[in-house]
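In: turn this into a model:
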Amino acid sequence: MSEVVRCHDGAAVMAVARGWIGTPYVHQQSLRGIGCDCLGLLRGVWRELNGAEPERPPAYTPFWAEETGRETMLEAARRHLVARPAGAEIAPGDVILFRYRPHLPARHAAIATGPETMIHAMHGTGVVETTIGPWWRRRVAGVFRMPMVAEVEAVPQG
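Out: Just a heads-up that it's a prediction; the model follows:
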């Protein structure tokens, strides 16, 4: 048996994410209107759409990727989100992971509001909607969809 995973409509994901705009940046937090970082934004959107988080992240420093060298964020995305095909155009509601340098693990996340725009949380700005410019595009490490957790069903292979 393999699983067919239905994903949330991109407009629904985008609408929930837009509700977080203006939330201050607070490292390791995930409370709409109170504070969050980029992972906290994803966690909060997940909770609003799916209920309980599939796993709690361990404590992490602002430079965890450089310190560990592990693809912790990308591995978690592969466990809990649905990967988009390589080269697919970014669409509203997509979760985008970025790496700041080619040799470093992915360590930043955003939610697309269109092929050219995203919502993300950054130190100094909080949660904002901004352009996915060339600087960001060169750093995309993966693009995913948000699954509907209650909508997982087994499908016979054959």
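
In: and the most centrally placed residue in the chain, what are its bridge partners?
Out: Nearest to the centroid of the C-alpha atoms of the chain, with distances taken as C-alpha atoms, centre = their mean, sits V95, at 4.0 Å. Beta-bridge pairing for V95 (DSSP bridges): I111, F144.

In: ok, it touching H80?
Out: No - contact criterion C-beta atoms under 8 Å: V95 and H80 do not qualify, at 9.9 Å. The way it works is simple: take the backbone N, C-alpha and C, and place the C-beta from them, glycine included.

In: got the buried residues for the biggest helix by length in the chain?
Out: Using DSSP state H to define each element, the chain has its longest helix at helix 38-50. Burial within helix 38-50, assessed by neighbour count using 16 or more other C-beta atoms under 10 Å, is assigned to C38, L39, G40, L41, L42, R43, G44, V45, W46, E48, L49, N50.

In: greatest separation within the residues you listed: which pair is it?
Out: Based on C-beta to C-beta, the longest span within the buried residues of helix 38-50 runs between C38 and N50 and measures 18.5 Å.

In: the residue nearest to A59 when sequence neighbours are not counted and A77, how far apart?
Out: Excluding its sequence neighbours, the residue lying closest to A59 (C-beta to C-beta, 6 or more residues apart in numbering) is Q28, at 7.0 Å. Between Q28 and A77 the distance is 18 Å, computed by C-beta to C-beta, to the nearest Å.
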